[in-house]
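J.: attaching a predicted model along with its sequence, questions to come.
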Amino acid sequence: MAVTEPAPAVTPAERTCDAHRDATGGGARGDHRDAPRGETRATGDAGAHEGILRRQAQRESAARTYARSLPIVPVRARGLTIEGADGRRYLDCLSGAGTLALGHNHPVVLEAIRKVLDSGAPLHVLDLATPVKDAFTTELFATLPAGLADDARIQFCGPAGTDAVEAALKLVRTATGRDGVLAFSGAYHGMTAGALAVSGGATDVRVARLPYPQDYRCPFGVGGERGAELAARWAETALDDPKSGVPAPAGMILEPVQGEGGVIPAPDSWLRRMREITAARSIPLIADEVQTGVGRTGTFWAVEHSGVVPDVMVLSKAIGGSLPLAVVVYRSGLDAWEPGAHAGTFRGNQLAMAAGTATLAYVRENGLAARAGTLGARMLGQLQGLAAAHPCIGDVRGRGLMIGVELVDPETEGPDDLAAPPDPALATEVQRQCLDRGLIVELGGRHNAVVRLLPPLTLTDEQAAAVLDRFADALVAAERAHRARPSGPPR
């Protein structure tokens with residue numbers, strides 16, 4: 001089974017690169033003996049690097065996010081590895097927030113893009129039919145859960161996942177004639193108004209918020225199957241109690257694994273109960289697979305772990321093969337749109353469709369979803385072993401190559417017996433120490449105390465070992481730095 005990307009063509013100078021370092025991402029070309037692991041400045045331009053960062057800070061909006069915690073200037077990338085303008089190399093376990101299923105610049109993606117560019121085909125066609133779109137739709141439908149593909153319609157949206165969420169919400173409201181929506185605590189569905197309204201941090205909106213089950217910080221204080229059962233009962237009661245204040249909704253939207261919420265996989269039994277509850281009441285079930293889709297969790301779509309077939313699937317990120325693309329796939333019975341009821345100038349992104357077709361096919365043909373499940377389970381086990389020696393690791397969880405490590409303050413008593421308080425300052429220090437060692441990770445969770453790993457599905461065993469090795473080193477250094485800080489007012 002092919003699980004690694006073939007090397008793209010290189011220049012004669014690049015052929016001198018050490019093959020082992022290229023596989024693990026450790027170091028760049030040139031002498032790096034005196035630099036921390038993964039770092040070199042031999043071939044970079046530190047002045048240009050600093051100048052670009054300075055101009056970004058002066059010119060760009062205060063809303064920028066990743067640029068604040070990851071002060072790097074990427075100039076080259078391949079697979080798992082990014083090279084910065086200063087010559088340093090990094091192992092990228094952010095992967096465009098899960099967008100890069102095959103890593104950076106995978107040869108099959110580049111070839112698909114070049115083929116369209118060289119063909120003379122139009123790059124902008126609104127929603128007109130093209131061979132490129134037809135090929136993408138055919139490949140996408142071939143991967144959909146059984147029971148949906150045979151009766152599905154697809155809506156091409158604006159190029160971001162949040163726009164697909166907006167479209168899904170408008171769709172179910174149009175189809176049902178109802179207005180309210182059921183959503184879940186901890187959810188993240190995007191940054192536009194409607195998507196924010198169904199996300200966990202929303203305020204003053206007409207959305208009923210239900211508890212999302214989790215073991216480590218169970219909202220009912222029990223965790224496990226009992227916690228999931230209570231969460232399901234809460235949802236059922238809210239719908240059936242005439243005095244609950246929750247009228248019959250237009251739909252229910254959920255993530256099979258909450259990503260920004262802290263990498264919290266939904267129990268399969270709970271997902272099946274949500275499907276039963278919504279089906280019995282003719283409530284469309286919307287699965288947000290923007291980050292969990294295309295093999296990320298160990299099945300092609302995360303809902304397949306539970307056998308649930310939703311009425312609507314919201315898809316983006318990896319389906320565009322690294323380029324902007326978002327769609328909604330739904331049962332034909334919901335197709336109540338009027339022409340132009342939801343549109344977007346860039347919904348016909350031909351390059352993204354070509355890259356997406358190549359990505360979907362490569363993941364499917366090479367069994368990368370199953371590979372992600374196997375490798376992810378191994379990484380989870382190794383991280384759980386690390387947690388046994390580090391009390392600051394409160395929980396290790398995830399599914400496939402969607403992994404979260406929650407950092408806590410074990411010396412402070414928590415509000416219950418299940419979990420110590422989260423330690424976002426330690427998580428930030430771990431992220432910084434990871435970057436110093438050439439490892440890019442993301443933070444998430446309710447208090448930004450969860451270190452998230454989202455490596456590409458092409459991750460090799462050797463690369464996985466390098467990632468965990470650097471993370472373990474960073475954790476030790478972060479603990480040391482964290483303890484050395486003068487104590488301030490209580491958190």
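T.: Received the coordinates, thanks.

J.: lowest average confidence, helix or strand, in this protein?
T.: helix 19-24 (a mean of 44; mean pLDDT, DSSP states H and E).

J.: just the buried positions in the longest helix seen in the chain, please.
T.: With secondary structure taken from DSSP state H, the chain has its longest helix at helix 461-484. Neighbour-count burial for helix 461-484, counted by 16 or more other C-beta atoms under 10 Å, picks out 463-464, 466-475, 477-479, 482. Where you see a C-beta, it was placed from the backbone N, CA and C, and this is true even at glycine.

J.: tell me what that helix is packed against?
T.: helix 19-24, strand 89-92, helix 368-389, helix 424-436, strand 439-440, strand 450-453 (3 or more C-beta pairs under 8 Å, 6 or more residues apart in numbering; DSSP states H and E).

J.: do me a favour and get the end-to-end distance for stretch 293-304?
T.: Start and end residues of stretch 293-304 are separated by 10 Å (C-alpha to C-alpha, to the nearest Å).

J.: mind checking the pLDDT average for it?
T.: Averaging pLDDT along stretch 293-304 gives 98.

J.: got a list of contacts for that stretch?
T.: 98, 101, 143-145, 256-257, 265, 271, 287, 289, 292, 305, 309-310, 313, 315, 317-319, 359-360, 363-364, 368-370, 372-374, 376-377, 399-402, 454, 457 (C-beta atoms under 8 Å, 6 or more residues apart in numbering).

J.: so of those residues, which ones are in strands?
T.: V257, P265, A287, M313, L315, R399, M402 (DSSP state E).

J.: need the helices and strands packed on helix 461-484 in JSON lines with mean neighbour count and distance to I283, can you?
T.: Converted to JSON lines, these look like this (neighbours: other C-beta atoms under 10 Å; distance: least, C-beta to C-beta, whole Å):
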{"stretch": "helix 19-24", "mean neighbour count": "16", "distance to I283": "48"}
{"stretch": "strand 89-92", "mean neighbour count": "26", "distance to I283": "39"}
{"stretch": "helix 368-389", "mean neighbour count": "18", "distance to I283": "29"}
{"stretch": "helix 424-436", "mean neighbour count": "21", "distance to I283": "36"}
{"stretch": "strand 439-440", "mean neighbour count": "26", "distance to I283": "40"}
{"stretch": "strand 450-453", "mean neighbour count": "27", "distance to I283": "31"}
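
J.: to Y188, which of these lies closest?
T.: strand 450-453 (12.1 Å; C-beta to C-beta).

J.: give the pairing partners of that closest one; include direction for each.
T.: In the sheet, strand 450-453 lines up against strand 402-407 (antiparallel), strand 442-444 (antiparallel) (DSSP bridges).

J.: okay if I get these as JSON lines plus mean neighbour count and distance to A77?
T.: Shown next, in JSON lines, are these (neighbours: other C-beta under 10 Å; distance: least, C-beta to C-beta, whole Å):
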{"stretch": "strand 402-407", "mean neighbour count": "27", "distance to A77": "21"}
{"stretch": "strand 442-444", "mean neighbour count": "21", "distance to A77": "17"}
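
J.: tabulate those strands in a markdown table, adding columns for mean pLDDT and distance to G261.
T.: Below are the strands paired with strand 450-453 laid out as a markdown table (pLDDT from 0 to 100; distance: least, C-beta to C-beta, whole Å):
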| stretch | mean pLDDT | distance to G261 |
| --- | --- | --- |
| strand 402-407 | 98 | 9 |
| strand 442-444 | 95 | 7 |
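
J.: tell me which of the ones you listed sits nearest to K115.
T.: Checking the strands paired with strand 450-453 against K115 by C-beta to C-beta gives strand 402-407 as the closest, at 30.9 Å.

J.: what does that closest one contact?
T.: 98, 216, 257, 259, 262-264, 291-292, 296-297, 376, 379-380, 383, 387, 392-398, 422-424, 426-427, 430, 444-445, 449-454, 471.

J.: so what's A142 up against?
T.: By C-beta under 8 Å, 6+ apart, the contact set of A142 is A149, R364.

J.: find the nearest non-adjacent residue to T374, please.
T.: In space, and not counting its chain neighbours, T374 is closest to G298: 7.8 Å by C-beta to C-beta, 6 or more residues apart in numbering.

J.: what do you get for V198?
T.: Counting by C-beta to C-beta, 6+ apart, A183 is the residue found nearest to V198 once chain neighbours are left out, at 3.9 Å.

J.: so that neighbour bridges to which residues?
T.: With DSSP bridges as the criterion, A183 is bridged to R209.

J.: neighbours of it, how many?
T.: 28 (other C-beta atoms under 10 Å).

J.: gap between the residue nearest to T374 and R371?
T.: As for G298, its distance to R371 is 9 Å (criterion: C-beta to C-beta, to the nearest Å).

J.: quick one, helices of the stretch 51-200 of the chain?
T.: 66-69, 95-98, 107-119, 131-143, 161-176, 193-197 (DSSP state H, counting those that start in this stretch).

J.: looking at the ones you listed, which has the lowest confidence?
T.: Among those, helix 193-197 scores lowest, at a mean of 72.

J.: what is L453 paired to in the beta sheet?
T.: I403.

J.: pretty sure it contacts L401?
T.: Yes. L453 is within contact range of L401, at 7.4 Å (criterion: C-beta atoms under 8 Å).

J.: what is in contact with these two at once?
T.: Common contacts of L453 and L401, defined by C-beta under 8 Å, 6+ apart, comprise M379.

J.: a markdown table please, covering the strands paired with strand 450-453 and showing distance to V108.
T.: As requested, those are exported to a markdown table (distance: least, C-beta to C-beta, whole Å):
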| stretch | distance to V108 |
| --- | --- |
| strand 402-407 | 22 |
| strand 442-444 | 26 |
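
J.: for E50, which of those strands is the nearest?
T.: Closest to E50 of the strands paired with strand 450-453 is strand 442-444 (C-beta to C-beta; 23.8 Å).

J.: so what touches that closest one?
T.: 66, 69, 93-94, 97, 259-263, 404, 424, 427-428, 431, 449-452, 454.

J.: same thing but 10 Å
T.: The contact list for strand 442-444, computed with C-beta atoms under 10 Å, 6 or more residues apart in numbering, reads 65-66, 69-70, 93-95, 97-98, 188, 258-263, 404, 406-407, 424, 427-428, 430-431, 449-454.

J.: end-to-end on stretch 397-411?
T.: Between the opening and closing residues of stretch 397-411 there is a gap of 22 Å (C-alpha to C-alpha).

J.: and it, how far from the chain's centre?
T.: Stretch 397-411 sits 15 Å away from the centroid of its parent chain (C-alpha atoms, centre = their mean, to the nearest Å).

J.: so what's V396 up against?
T.: Applying C-beta under 10 Å, 6+ apart to V396 gives the contacts 216, 263, 379-387, 403-406, 451.

J.: what subset of the contacts of stretch 293-304 is buried?
T.: Judged by neighbour count, with 16+ other C-beta under 10 Å as the criterion, the buried members of the contacts of stretch 293-304 are 98, 101, 143-145, 256-257, 265, 271, 287, 289, 292, 305, 309-310, 313, 315, 317-319, 359-360, 363-364, 368-369, 372-373, 376, 399-402, 454, 457.

J.: coming back round to it: min pLDDT across the contacts of V396, which one?
T.: Note: of the contacts of V396, the lowest pLDDT belongs to Y216, at 92.
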